[in-house]
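S.K.: Please find the sequence and the predicted model below.
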Amino acid sequence: MSEQNSEQAVETPALDRFECRACGYVYEPEKGDDSHNIEAGTLFAELPITWRCPVCTAKKTAFANIGPAGTASGFKENLGYGFGVNTLTPGQKNLLIFGALALGFLFFISLYGLQ
Ligand SMILES: [Zn+2]
């Protein structure tokens, strides 16, 4: 989607960095990618579709937007990359944990009630 916007995005040349969710490599537009002859200043969206992570050769779709350098850490776009295990928010994880505990507790109570 950002590919469509790249030409008309004049107001803020957002140099969003992208992190490889497979190995943690961060593509920084300010630096480009020497190993693929990507010039400095090339936006991630402008990278060729054949571009791969220089470290682990993951595809572009394995990368997550982590925002421009210098901003607070955290994913700008958490969803839409559905590539792995770490897509759950802490809240969702808590829900899972407490849900499992509650289920176990109910199970225990029901067993106890049968006796
Ligand atoms: Zn990688």
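M.R.: That came through fine.
S.K.: Can I get stretch 35-55 in PDB? Just the C-alpha atoms.
M.R.: C-alpha atoms of stretch 35-55 as PDB (Å, rounded to 0.1, in the frame of the first residue of the first chain):
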ATOM      1  CA  SER A  35      25.300  -5.900  -0.500                       C
ATOM      2  CA  HIS A  36      22.500  -5.400  -3.000                       C
ATOM      3  CA  ASN A  37      23.700  -2.100  -4.500                       C
ATOM      4  CA  ILE A  38      20.800  -0.300  -2.900                       C
ATOM      5  CA  GLU A  39      21.700   3.400  -2.700                       C
ATOM      6  CA  ALA A  40      21.400   5.300   0.500                       C
ATOM      7  CA  GLY A  41      18.100   7.100   0.700                       C
ATOM      8  CA  THR A  42      16.100   4.300  -1.000                       C
ATOM      9  CA  LEU A  43      12.800   3.700   0.800                       C
ATOM     10  CA  PHE A  44      11.900   0.200   1.800                       C
ATOM     11  CA  ALA A  45       8.800   0.500  -0.500                       C
ATOM     12  CA  GLU A  46      11.100   1.300  -3.400                       C
ATOM     13  CA  LEU A  47      13.300  -1.800  -3.000                       C
ATOM     14  CA  PRO A  48      12.800  -4.300  -5.800                       C
ATOM     15  CA  ILE A  49      10.400  -7.100  -5.100                       C
ATOM     16  CA  THR A  50      13.200  -9.500  -5.500                       C
ATOM     17  CA  TRP A  51      15.200  -7.900  -2.700                       C
ATOM     18  CA  ARG A  52      15.900 -10.200   0.200                       C
ATOM     19  CA  CYS A  53      17.200  -9.800   3.700                       C
ATOM     20  CA  PRO A  54      21.000  -9.600   3.300                       C
ATOM     21  CA  VAL A  55      21.400 -11.600   6.500                       C
END
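S.K.: Any buried residues in it, and which?
M.R.: Neighbour-count burial for stretch 35-55 flags 38, 42-45, 47, 51-54 (criterion: 16 or more other Cβ atoms under 10 Å). Using the backbone N, CA and C atoms, a C-beta is placed for each residue, glycine as well.
S.K.: Give me the next element, helix or strand, following the helix or strand of the chain with the lowest mean pLDDT.
M.R.: Lowest on mean pLDDT, DSSP states H and E among the helices and strands of the chain sits helix 2-5, with a mean of 50. Heading C-terminal from helix 2-5, the first helix or strand you meet, by DSSP states H and E, is strand 16-20.
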